[in-house]
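>>> okay, here's the prediction I keep looking at, along with the sequence it came from:
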Amino acid sequence: MIRFMIHTPVNLRGYLLDYIKSNLTELEKEIGDKITLYTPHDEEYSMSCKEPWLESCIKKDILPDIVLTHATEFASLKSRNEGGVFSNIGGQYAEENPVREELSMLEDPEGLFYPLFVVPLVMCYNTKMVNPEDLQHSWADLFNEKYKVFLPAREKPMTRAVGAFLKRNYPQQFTKFEEKAVYGGSPKDVMKSVISGECHFAISNISFAMMGKNKNVALNMPSEGVVLLPDVLVWKKNSSEKLKRIAELLMRQDIQDYLGEQGNWPALKSAKMGDTITYIDQLKSWEGWDTYIKAVSDFDAGTMQEKLI
């Protein structure tokens, strides 16, 4: 039996699961084995996702054969391939199916990750509470003391990616930001907070941010570029190369177009690209997977410090 873990933004997860299920019979026939689908919310793995599920399933020896997850999840490990548990099938697949030129810097020289798509993370604000003329249109706007900022719970991939970016790029202002920032709930919860006027600013992915478009909410597009939350495919060590077939399914035109229509940046060259690609600076200044994951780990260390206190 093949275990396939799917851990993507909640607004995409249901669609992807249904898509895979509709193609499961064909997929199993081609691979020659049964496939069971999981999410980190399944009891065997985590359910609540309040603790790092990836580290736990490696320890429990229930690591799925193939995983589609946020790159932030690897920050819970001592190294991306801790214990040598992952295969280089991702690199093999990338050689056979290079990602689109705009995302080419995300190709993994170690061959562990195949970047299936990137979720761009943005700031949005309540237009009745914030005058756009007062904004620098920079992530530094979040440090303005007069603005209350809501983010999803600290363990959420979105918050870990944004927190890592802010801590690494604005180390001097970050301590004060931590004192005033409010962490809690889901991406949908923080959007409700900014729509209702409970806060001035919220952090969200582009899909959730657009929910507030006609509800007194606008995007504050940063000059430094949107924050990246890449979703990657990873294969377990000694997995059959036949499991590349799952990647082929997820790289079909229709599914990649769907990802782009939701505002993401899909890997397929011919797929629609989300408009936020205009704010590409974080790709231009990409320093590699290890640097990205180290920044997330540094942000997480602050969370652990809070727990110890």
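That came through fine.

>>> where along the stretch 151-300 of the chain do the strands fall?
182-183, 201-205, 217-220, 227-235, 265-266 (DSSP state E, counting those that start in this stretch).

>>> what's the closest of the ones you listed to residue 87?
Nearest of these to residue 87, taken as Cβ to Cβ: strand 227-235 at 4.2 Å. C-beta: built from backbone N, CA, C; applies to glycine.

>>> what pairs with that closest one, and is each one parallel or antiparallel?
Applying DSSP bridges to the sheet, strand 227-235 is found paired with strand 66-70 (antiparallel), strand 114-126 (antiparallel).

>>> please name whichever of those is nearest to residue 17.
Using Cβ to Cβ, these put strand 66-70 closest to residue 17, at 10.5 Å.

>>> what mean pLDDT does the closest one get?
Per-residue pLDDT values over strand 66-70 give a mean of 97.

>>> for whichever helix or strand comes after it, the distance to its chain's centre please.
Later in the chain than strand 66-70, the nearest helix or strand by DSSP states H and E is helix 89-96. Offset of helix 89-96 from its chain centre (Cα atoms, centre = their mean, to the nearest Å): 21 Å.

>>> same check on stretch 230-238?
14 Å.

>>> distance of residue 56 from residue 92?
As for residue 56, its distance to residue 92 is 28 Å (criterion: Cβ to Cβ, to the nearest Å).

>>> rebuild the strands of the stretch 151-300 of the chain as JSON lines, extending it with mean pLDDT.
Below are those laid out as JSON lines (pLDDT from 0 to 100):
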{"stretch": "strand 182-183", "mean pLDDT": "95"}
{"stretch": "strand 201-205", "mean pLDDT": "93"}
{"stretch": "strand 217-220", "mean pLDDT": "94"}
{"stretch": "strand 227-235", "mean pLDDT": "98"}
{"stretch": "strand 265-266", "mean pLDDT": "98"}
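
>>> alright, that wraps it up for me.
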